[in-house]
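Trainee: what would the 3D arrangement of this be:
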Amino acid sequence: FERTYGKVERRAFAPPPKPARTSLDDKKYNVQTQNKGAEYLLVDGYNIIFAWEELKRVAQTNLDAARQMLMDLLSNYQGFKKCVVILVFDAYKVPRSVQDVYKYHNIYVVYTKEAETADTYIERATYEIGKHHRVRVATSDGAEQLIILGHGALRLSATTFKAEVEQVSGQIAALLKQLNKPTKSRPVEAALKKAQEERNR
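Mentor: You can find the predicted model right below:
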């Protein structure tokens, strides 16, 4: 037995081994903390348009109008959530040697170059931005969701993201209704009350 497995040692009364680490000594260990900066939201534009039934119907007759509707929805969303929104569209068979990035109100809109898909751009962006910021990606592409998850980004399905946008739109509508609600003028109310009291004397 000893020739095969080695010498048998009795360890029943041996002291337990010391743990490999008993404290987080700054001199020995470096603990990285999560960046608490702005959150980024990347949206796969055409993926969302053709996943949301309302936008899909519009896109069947006018793709530009569907893009505009999504941009306006995300602009309102950003104004309420205060995150950095990047909306990404494929070049969609339009000759474009370089990508085009511009700001629409308070969101960034990216048109990829002709040979680059929105998936590729989003994968690269999540890898770079995710090093220093929290990142979420809205898409219904299952393969893309797995890749961005590997890059540390949080994934949002098209259905979940639609529910979130609708919830924000409802909160904005309620807030506007409350702000636009007519309120009674306190001086007039006080004067009417005083006049009523004098008449009742």
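
Trainee: residues in contact with the helix ranked longest in the chain?
Mentor: Using DSSP state H to define each element, the chain has its longest helix at helix 158-179. When contacts are defined by CB atoms under 8 Å, 6 or more residues apart in numbering, helix 158-179 is touched by residues 43, 47-48, 51-52, 73-74, 76-77, 79-81, 138-140, 156. From N, CA and C alone the C-beta is placed, and that goes for glycine too.

Trainee: those residues: which two are farthest apart?
Mentor: Within those, two members stand farthest from each other by CB to CB: Gly79 and Ser140, at 24.7 Å.

Trainee: residues contacting Thr117?
Mentor: When contacts are counted by CB under 8 Å, 6+ apart, Thr117 touches Asp90.

Trainee: so what touches stretch 55-67?
Mentor: Outside stretch 55-67, the residues that touch it by CB under 8 Å, 6+ apart are 45, 48-50, 69-70, 89, 92.

Trainee: what do you get for stretch 75-92?
Mentor: If you take CB under 8 Å, 6+ apart as the criterion, stretch 75-92 is touched by 38-46, 63, 67, 70-71, 74, 104-114, 116-118, 121-122, 125, 165, 168-169, 171-172.

Trainee: cutoff 6 Å now
Mentor: Identification of contacts with stretch 75-92 by CB atoms under 6 Å, 6 or more residues apart in numbering yields 38-43, 45-46, 74, 105-112, 114, 117-118, 121-122, 165, 168, 172.

Trainee: and that stretch, average pLDDT?
Mentor: Mean pLDDT, computed over stretch 75-92, is 91.

Trainee: can you give me the buried ones in that stretch?
Mentor: 76-78, 83-91 (16 or more other CB atoms under 10 Å).

Trainee: now do stretch 125-134
Mentor: Within stretch 125-134, the residues scored as buried using 16+ other CB under 10 Å are 125-127, 129-130, 133-134.

Trainee: turn the residues you listed into TSV, including distance to Ala59 and pLDDT.
Mentor: As requested, the buried residues of stretch 125-134 are arranged in TSV below (distance: CB to CB, whole Å; pLDDT from 0 to 100):
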residue	distance to Ala59	pLDDT
Ala125	24	89
Thr126	25	88
Tyr127	29	86
Ile129	28	89
Gly130	30	85
His133	31	89
Arg134	30	90
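
Trainee: lovely, talk soon.
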